[in-house]
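Participant: Need coordinates for the following:
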Amino acid sequence: MTAVNVATLGAGCFWGVERSFARKFGAAIKNIRVGYSGGSKDSPSYKDVCTGTTNHAEVVNFEFDAAQVSYATILDFFFRMHDPTTLNRQGGDKGTQYRSSIFYHSEEQKAIAEQVIKRVQPAFGAAQISTTLEPFRKFWDGEEYHQDYLTKNPDGYECPTHFERSWEKIAKEFTGVVPSDN
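Facilitator: All right, here's what the predicted structure looks like:
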């Protein structure tokens with residue numbers, strides 16, 4: 001039996017992040033949920049998180065089988081599906097709840113994240129990756145109406161920064177260098 005791994009990632013408004021990961025990885029990830037992590041308040045609500053006083057980030061939390069998709073592959077996509085160089089912001093969404101964040105579940109995940117950041121930073125040229133690396137403590141499930149929101153509400157707001165880019169496009173936009181596969 002293969003061990004189940006968990007990823008918890010913040011990349012702005014969780015509706016678009018959830019949709020992006022579900023589209024990209026499909027059946028390779030399971031039990032994807034949106035919610036909150038990284039803050040100080042127990043059982044936060046969306047209203048609480050939006051005040052900016054809880055330090056929670058809007059995140060996606062999902063299980064993955066490393067035999068199907070590696071954590072490094074997940075993070076490679078993560079860095080290509082949003083702008084990790086904008087501090088506490090994605091598009092028009094501003095605040096610490098929209099920060100680019102990786103909540104690592106093990107020292108191995110932390111090490112992989114550090115390696116991926118080092119590998120992809122050159123693509124962003126002089127713009128520094130502002131993604132936080134934070135130890136995972138707790139995931140608080142978001143309200144049910146937020147789960148799979150953009151499927152339930154096809155005309156709902158989707159942050160314009162949530163789409164898959166190639167490393168070539170990123171390197172061109174940021175006057176950077178395409179990362180190597182190492």
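Participant: ok, residue 12 touching residue 94?
Facilitator: No - between residue 12 and residue 94 there is no contact under C-beta atoms under 8 Å: 10.0 Å. All C-beta spots, glycine's among them, are computed from the backbone N, C-alpha and C.
Participant: quick one: which of these two has more around it?
Facilitator: Neighbours were counted for residue 12 and for residue 94 using other C-beta atoms under 10 Å; residue 12 has more, 27 against 14.
Participant: buried set for stretch 8-26?
Facilitator: 8-22, 24-25 (16 or more other C-beta atoms under 10 Å).
Participant: And stretch 47-56, by the same measure?
Facilitator: Buried positions in stretch 47-56, judged by neighbour count with 16+ other C-beta under 10 Å: 48-49, 54, 56.
Participant: For the chain, just list every one of the helices.
Facilitator: 14-25, 46-50, 71-80, 107-120, 149-152, 167-173 (DSSP state H).
Participant: Tell me which of those helices lies nearest to residue 100.
Facilitator: Of all these, helix 71-80 sits nearest to residue 100, with 8.5 Å by C-beta to C-beta.
Participant: Tell me the gap between the closest one and the middle of its chain.
Facilitator: Averaging C-alpha positions (C-alpha atoms, centre = their mean, to the nearest Å) puts helix 71-80 9 Å from its chain's average.
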